[in-house]
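Peer 1: Would you be able to build a 3D model of this:
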Amino acid sequence: MICRELETELQNWRAAGKQPQVWWRDDDAVSHTPELERLTQLTGGAGIDVLLAVIPAHADQSLAAYVDEHHNLQPCVHGWSHTNHAPSNQKKCELGSHRAMKIVLSEVAAGRQRLAELFGSRLAPVLVPPWNRVRDDLAPRLGETGIRALSTFAHKRTFPGMQVNTHVDAMDWKAPGGAAGKSPDWLQNELATALAISRANGFYPVGLLTHHLVHDEVAWSSLAAVVANTGLTWVSFEQALEQHGFN
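Peer 2: Residues are numbered from 1 along each chain as shown. Presented below is the predicted three-dimensional model:
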């Protein structure tokens, strides 16, 4: 059931002569799992494309075979090994300024190469930094690794020429007892807020972020409710890229 706040925001978009667009990114894929199958059933049946952020160091052949059979999944580079290199008093980060640039660049390049071997032409030249954090001076040099686009989590884009972000996370990472799925109303309220921000800043596609390996039943139910909303138009990452006016 659609919440009142989301329905109101969808009406605001329609009144402006615009169609609300949403795209989907899922992080931390490494293997063919029951959770990945559930994600694919939910999205594939609805014709929704998913940018699948794959951890290169841990990805296996079973994932490559599964992705090859499910064309709504678009694999991309999720750092190298999802390892934190930040000090304990700082937020977790793999691709930060805690190490030399040449090391960080080499890991991104190695990650892209490893995934190119697994997925071939199916691999999208997109970098999703683990924990959505990346050193500011890395983006201008990503072309050296064959990467042409970047996706993190924020409405503000530090690198507008190549960045398409997610804005709504299906998980509550600070829940008591550990990560937990957001309720249907909570998730739809956040989606309504993100769409309102987008409407005020150019009507760009809003990004939904999921992590299939840690979803509980609440998360799956909330996502199913979003998928069932016929007022949303789902676009791929590439389409979202085009909507931002990129090449």
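Peer 1: Low-confidence ranges, the chain, go.
Peer 2: Where the chain drops to pLDDT under 70, the residues are 1, 244-247.
Peer 1: which strands and helices sit next to the longest strand seen in the chain?
Peer 2: Criterion DSSP state E: the longest strand present in the chain is strand 21-29. If contacts are counted by 3 or more Cβ pairs under 8 Å, 6 or more residues apart in numbering; DSSP states H and E, strand 21-29 sits against helix 34-44, strand 50-54, strand 206-210, strand 233-234, helix 237-243. (C-beta placed from N, C-alpha, C; glycine too.)
Peer 1: how about these, which one is nearest Y66?
Peer 2: helix 34-44 (6.7 Å; Cβ to Cβ).
Peer 1: for that closest one, the distance to its chain's centre please.
Peer 2: Here helix 34-44 is found 15 Å from its chain centre; the criterion is Cα atoms, centre = their mean, to the nearest Å.
Peer 1: what residues does that helix touch?
Peer 2: 24, 26, 29, 49-50, 63, 66, 70, 72-73, 210, 212-213, 215, 220, 223-224, 227 (Cβ atoms under 8 Å, 6 or more residues apart in numbering).
Peer 1: got the contact list for stretch 74-82?
Peer 2: Contacts of stretch 74-82 (Cβ under 8 Å, 6+ apart): 27-29, 49-58, 67, 94-95, 107-108, 110-112, 115, 118-119, 122-130, 147, 151, 236-237.
Peer 1: ends of it, how far apart?
Peer 2: Length of stretch 74-82, first residue to last, Cα to Cα, to the nearest Å: 19 Å.
Peer 1: cool, stretch 26-43 as well?
Peer 2: 11 Å.
Peer 1: okay, the helices and strands packed on strand 21-29, which one's buried deepest?
Peer 2: strand 50-54 (a mean of 27; mean count of other Cβ atoms under 10 Å).
Peer 1: quick one on the thing from earlier: could you dump the helices and strands packed on strand 21-29 to TSV with distance to T83?
Peer 2: Below are the helices and strands packed on strand 21-29 laid out as TSV (distance: least, Cβ to Cβ, whole Å):
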stretch	distance to T83
helix 34-44	22
strand 50-54	15
strand 206-210	20
strand 233-234	33
helix 237-243	25
